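*Asks:* My questions are about this predicted structure, shown below with the sequence.
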Amino acid sequence: MKKRSLNANQITRKNILANLKDKVIKSVYSSFQNNLKINDHFAVAVSGGPDSLALAFLSKCYSLKKNLKSYFFIVDHKIRKESSFEAKSVQKKLEKFGIKCKILTWKGKKLKGNIQSNARKIRYNLLFKECKTKSIKSLLIGHHKDDLIENFLIRLYRGSGLRGLTSFKVNNQLTNEILIYRPLIKIRKKALLYLSKKAFNFYVNDPFNKDDKFQRSRIRKFLEFSKQEGFNQNKIEKTIDNLEDANASVENYVFRNLSENSFYSKSQNKYLLSAFFFIAPNEIIMRSLFHCIKLVGKKYYNVRGKKVNKLINEIKKDKLPKRTTLGGCIIKKVAETVIIYAEK
């Protein structure tokens, strides 16, 4: 490395880490670091909003302190005509702070209908693909404490069960052997907004965040109104904590069911399920099947619960069709054994 480049890198490092002297930012970084136990290179999803810019800053500090290599990715869905310009603006802005971002561009058809859900799927697919290319096993995303509460209320409104209501955690094992981390999950948006303004004096406002046609936007307005009426959001957090304890107990039985009553062949990407697999309570069987189908089918999202329930009933009643497909998998029953393998 040339001497001029080395000096520039040292100055960038010094400038970034200098922000940690601020009391608020120091406290945020402490929480971030405690939630992140990574000792290998990792990737960071950046959008340009205050949450993700705070994540980019904290991740850069973490990589400098731990001497780890970090990759930063911006996804351009091309949903709005300004999206490409915004992605390049964020890229240029962060580059001044020594944070080099790669823009991942969606080249498929323009999204129509259920835009936020489809955009989320595209985003993760692009991020996973890039991580796989670079052999990255850890991906950091910017969900924070306010997102946790919003997500809980959205799931509650939809009638989600115990697992759905506790779906946001610090980390989740997903497809392609990539571990998603949410190191901001215990930090309020207000603190992240402060950090972004202090460190970058810049962030992008997504107009979709205030568009009432999206459920999440309406939930945010409901929460803001609730605050004015004296509603304490800490009560929701306490409820989520209690539900997570209950969910952990159920997951323990799911683990036992998978360990004792199934066999996974990694080389063949195939699951063999014994008859005992289907003796457990329905919730345990469902979650066990979610795991099997998600792993073999290499999907990010679980298949719909109604379809899995139908599958369970067909297996128990010996009425499973000769060729059943679900979540990118083919499911067959041979004698008392159920076989799950990937569609070609």
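*Replies:* It's in. Predicted model only: the values in this text are computed from it and were never measured.

*Asks:* Might you list the low-confidence residue ranges for the stretch 101-250 of the chain?
*Replies:* Across the stretch 101-250 of the chain, the ranges flagged by pLDDT under 70 are 111-116, 169-176, 206-213.

*Asks:* mind listing the helices in it by residue range?
*Replies:* With DSSP state H, counting those that start in this stretch as the criterion, the stretch 101-250 of the chain has helices at 115-133, 145-158, 162-165, 189-199, 215-228, 234-261.

*Asks:* Nearest to residue 98, out of those helices?
*Replies:* Residue 98 lies closest to helix 189-199 among the helices of the stretch 101-250 of the chain, at 12.1 Å (Cβ to Cβ). (Glycine included, C-beta is placed from N, CA and C.)

*Asks:* contacts for that closest one?
*Replies:* Here helix 189-199 makes contact (Cβ atoms under 8 Å, 6 or more residues apart in numbering) with 16, 19, 22, 24-25, 27-28, 50-51, 53-55, 57-58, 97, 142, 144-146, 184, 202-203.

*Asks:* If we go by neighbour counts, what in that helix is buried?
*Replies:* Judged by neighbour count using 16 or more other Cβ atoms under 10 Å, the buried positions of helix 189-199 are 189, 191, 192, 193, 194, 195, 196, 199.

*Asks:* What sits closest to the third one if chain neighbours are left out?
*Replies:* Beyond its immediate neighbours in the sequence, the residue positioned closest to residue 192 (Cβ to Cβ, 6 or more residues apart in numbering) is residue 54, lying 4.0 Å away.

*Asks:* Turn the helices of the stretch 101-250 of the chain into a markdown table, including distance to residue 307.
*Replies:* Output for these, formatted as a markdown table (distance: least, Cβ to Cβ, whole Å):
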| stretch | distance to residue 307 |
| --- | --- |
| helix 115-133 | 17 |
| helix 145-158 | 16 |
| helix 162-165 | 15 |
| helix 189-199 | 36 |
| helix 215-228 | 23 |
| helix 234-261 | 18 |
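
*Asks:* partner residues bridging the closest residue in space to residue 38 that isn't next to it in sequence?
*Replies:* Distances taken as Cβ to Cβ, 6+ apart place residue 138 nearest to residue 38, at 5.4 Å, with adjacent residues excluded. Here residue 138 sits in beta bridges with residue 179, going by DSSP bridges.

*Asks:* In this structure residue 138 contacts residue 182, no?
*Replies:* No: with contacts counted by Cβ atoms under 8 Å, residue 138 stays clear of residue 182, the gap being 11.7 Å.

*Asks:* now residue 244, nearest residue through space, not along the chain?
*Replies:* Nearest one to residue 244, counting by Cβ to Cβ, 6+ apart, is residue 166 at 4.8 Å.

*Asks:* With just CA atoms, put stretch 129-142 into PDB.
*Replies:* Extracted C-alpha coordinates of stretch 129-142, given in PDB (Å, rounded to 0.1, in the frame of the first residue of the first chain):
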ATOM      1  CA  LYS A 129     -26.400 -14.500  -3.400                       C
ATOM      2  CA  GLU A 130     -23.600 -11.900  -2.900                       C
ATOM      3  CA  CYS A 131     -22.700 -13.300   0.500                       C
ATOM      4  CA  LYS A 132     -22.400 -16.800  -1.000                       C
ATOM      5  CA  THR A 133     -20.200 -15.500  -3.800                       C
ATOM      6  CA  LYS A 134     -17.800 -14.000  -1.200                       C
ATOM      7  CA  SER A 135     -18.100 -17.000   1.300                       C
ATOM      8  CA  ILE A 136     -19.600 -14.700   3.900                       C
ATOM      9  CA  LYS A 137     -21.400 -16.500   6.700                       C
ATOM     10  CA  SER A 138     -22.700 -13.500   8.700                       C
ATOM     11  CA  LEU A 139     -25.000 -10.800   7.500                       C
ATOM     12  CA  LEU A 140     -25.900  -7.700   9.700                       C
ATOM     13  CA  ILE A 141     -29.300  -5.900   9.200                       C
ATOM     14  CA  GLY A 142     -30.600  -2.800  10.900                       C
END
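
*Asks:* how about the residue nearest to residue 38, what does it touch?
*Replies:* Per Cβ under 8 Å, 6+ apart, neighbours of residue 138: 38, 40, 41, 42, 43, 178, 179, 181.
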